[in-house]
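> coordinates only, no sequence provided:
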């Protein structure tokens, strides 16, 4: 028993230094996903057919191609041309991949705002750009904050995929430890527990966001 605990402790000590790398990768990737997702989400409801159809194709393609394939495409394609590191390639691939899902979330949030909000903004003399920037988008982002937080948790878990391109994050470090010491079950047990600890912490954050950002009257039928 003591030997097992010592092994688990050795694995934990080996893996803990790469936990911040996993968190950093998640933050950069999801930050990019939010920025791109907002613009694509707005484009999805554009009155210009070319913009609307182009954004729909963007979303459909990225949601239809596995994220692992997108990582390979970015790293071995764009990454070789621009000499991108595995970290940058991972951020781009995960960020762009998740932007397609966030775009649909943002679109749904915008469309859930009552038409009276649009009419009131236009009656005040706002342009459509001003209306979207100052009235519609702030309310819709407040509405979609909880589902976006759930996507953030999924993004954290999907960072494990970049281990296939040599990015040394939590999963890659677990594989390294196993290859050196041939300790399989305990290694992946600790890896899983570390991911679980991070996701449980984020789940608590999601629950808090759901309480804080719940907006009564918006997105409800008859509002």
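Done, it's in. All figures in this text were calculated on a predicted structure; none of them were measured in a lab.
> quick one: mean pLDDT for the helix or strand containing residue 21?
Using DSSP states H and E, residue 21 maps to helix 19-44. Helix 19-44 comes out with an average pLDDT of 95.
> other SSEs contacting that helix?
In terms of contact count using 3 or more C-beta pairs under 8 Å, 6 or more residues apart in numbering; DSSP states H and E, helix 19-44 is assigned the packing partners helix 49-64, helix 86-111, helix 137-158, helix 170-181, helix 185-212. For the C-beta atoms, the positions are set from N, CA and C on the backbone; glycine is no exception.
> for residue 78, find the nearest of those helices.
helix 86-111 (7.4 Å; C-beta to C-beta).
> which strands and helices sit next to that closest one?
Packing partners of helix 86-111 (3+ C-beta pairs under 8 Å, 6+ apart): helix 19-44, helix 49-64, helix 67-73, helix 79-82, helix 137-158.
> for it, which positions count as buried?
Buried positions in helix 86-111, judged by neighbour count with 16 or more other C-beta atoms under 10 Å: 86-110.
> got the angle for that helix vs helix 170-181?
Inter-element angle recorded for helix 86-111 and helix 170-181: 150 degrees (by axes from the mean of the first three to the mean of the last three C-alpha atoms, to 10 degrees).
> quick one: name whatever helix or strand follows helix 86-111.
From helix 86-111 onward toward the C-terminus, using DSSP H and E, the following helix or strand is helix 115-123.
> run the chain-centre distance for the helix holding residue 21.
Counting by C-alpha atoms, centre = their mean, to the nearest Å, helix 19-44 is centred 5 Å from the centre of its parent chain.
> cool, stretch 134-149 as well?
Relative to its chain's centre, stretch 134-149 lies at 15 Å (C-alpha atoms, centre = their mean).
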